[in-house]
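1. With the input below, show me the fold.
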Amino acid sequence: MQVSVLASGSKGNATLVAMNGAKILIDAGISATRIKKALAAENVDAANLDAVLLTHEHRDHVAGLATLARWYHLPVYSRRKTLASLPISIQQAIADASRTDTLVPDSLFVAEDVAPYGATKSLLHPVDGAFRLAGLRITPFSVPHDAADPVGYRIEGDSTVTVCTDLGFVTQSVAASIDGADVLVLEANHDAELLKNGRYPWPLKRRILGNHGHLANTDAAWAVAHLERKPRDIFLAHLSQENNRPDLAKDTVQNILAQQGIKIPLHVTKQDEAVRLR
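-> Presented below is the predicted three-dimensional model:
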């Protein structure tokens with residue numbers, strides 16, 4: 001198993017999960033050129049990716065998607081509303097790429113409770129519940145964020161990797177979805193006091209602090225502390241460059257966990273370089 005957070009933050013997000021021979025990219029929020037180079041540094045050819053999973057349609061999660069679609073004809077999976085909310089330019093690029101004959105074979109994709117529309121006619125695959133892809137079981141789960149239908153992903157093979165960012169708070173269903181992961185990529189976006197006392201305008205502060213905004217360091221820590229089955233490793237992701245610091249995020253989460261007698265390795269992700277676990 002390999003988990004490499006290629007980039008994480010408000011300027012772009014992309015994460016590689018490689019397991020059981022499958023290679024999955026979660027989000028494509030940095031340029032396709034950067035994704036290609038970052039994957040090459042992880043000994044992965046972008047052309048050999050099995051799929052791109054989108055958490056939601058915001059630019060910092062889809063900025064490189066149109067070019068990736070043109071270059072590599074990669075199948076893209078997400079909720080139907082998310083796919084419908086993609087910028088027209090991205091939808092058009094994927095539609096153009098879909099006209100080739102290099103599409104994902106039916107045998108690679110098996111929906112457990114919903115069939116994709118045009119599985120061999122389009123690179124866009126709407127999914128609601130769990131589905132199987134390239135030998136992995138992938139379960140999207142809803143998260144509270146100000147997007148069309150945002151999700152996190154639970155990816156199960158020989159190990160379990162869960163990616164959960166861009167959420168205002170941890171609901172009971174989110175807690176259930178991240179419980180028992182071997183590796184958890186979890187948002188630790190901001191320090192609440194830094195945000196409240198910072199230079200952001202109040203409407204933006206209110207959005208970030210709201211139930212459909214972003215997760216604070218302390219909330220991330222307590223979410224982990226309350227899990228019945230703790231992860232083996234945690235990536236702290238989507239850190240704000242304005243309202244957080246890597247050392248502050250790590251210390252805050254580490255201290256709260258230590259107070260509860262919990263010791264888990266923490267890996268702080270970065271905006272401009274990959275952070276990996278092999």
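2. Which residue, neighbours along the chain excluded, lies closest to residue 31?
-> Take residue 31 and drop its neighbours on the chain: the residue closest to it by C-beta to C-beta, 6 or more residues apart in numbering is residue 64, 4.9 Å away. C-beta coordinates here come from the backbone N, C-alpha and C atoms, glycine included.
3. From residue 54, how far out is that neighbour?
-> 12 Å (C-beta to C-beta, to the nearest Å).
4. Find the residues that touch each one of these two.
-> A shared contact of residue 64 and residue 54, defined by C-beta atoms under 8 Å, 6 or more residues apart in numbering, is any residue touching both; here these are residue 28.
5. Now residue 175: which helix or strand?
-> Element membership for residue 175 (DSSP states H and E) is helix 172-178.
6. for that helix, which positions count as buried?
-> Buried residues in helix 172-178, defined by neighbour count with 16 or more other C-beta atoms under 10 Å: 174, 177, 178.
7. Grab the CA positions of that helix and hand them over as CSV.
-> The C-alpha coordinates for helix 172-178 follow below in CSV (Å, rounded to 0.1, in the frame of the first residue of the first chain):
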residue,chain,number,x,y,z
GLN,A,172,-22.1,10.6,13.0
SER,A,173,-22.1,9.1,9.5
VAL,A,174,-18.7,10.6,8.8
ALA,A,175,-17.3,9.2,12.1
ALA,A,176,-18.6,5.8,11.1
SER,A,177,-17.0,6.1,7.7
ILE,A,178,-13.6,7.0,9.0
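8. Show me what the one helix or strand residue 95 maps to packs onto, helices and strands only.
-> Taking DSSP H and E as the criterion, the element that holds residue 95 is helix 88-97. Under the contact criterion of 3 or more C-beta pairs under 8 Å, 6 or more residues apart in numbering; DSSP states H and E, the helices and strands touching helix 88-97 comprise helix 65-72.
9. Residues touching the helix it packs on, excluding its own?
-> Contacts of helix 65-72 from elsewhere in the structure, counted by C-beta under 8 Å, 6+ apart, are 28, 31-33, 35-36, 46-47, 49, 52, 54, 74, 76, 86, 89-90, 92-94, 96-97, 123.
10. okay but residue 226 is in contact with residue 175, surely?
-> Yes - in terms of C-beta atoms under 8 Å, residue 226 counts as a neighbour of residue 175; the distance is 6.8 Å.
11. just to revisit the earlier point, quick one: name whatever helix or strand follows the helix holding residue 175.
-> Stepping forward along the backbone from helix 172-178, the first helix or strand reached (DSSP H and E) is strand 183-187.
12. What strands line up against that following strand, and which way round?
-> strand 160-164 (parallel), strand 233-237 (parallel) (DSSP bridges).
13. For the first one, give the mean pLDDT please.
-> This predicted structure assigns strand 160-164 an average pLDDT of 98.
14. so where's the stretch 101-250 of the chain uncertain?
-> Judged by pLDDT under 70, the stretch 101-250 of the chain has its weakly predicted residues at 101-121.
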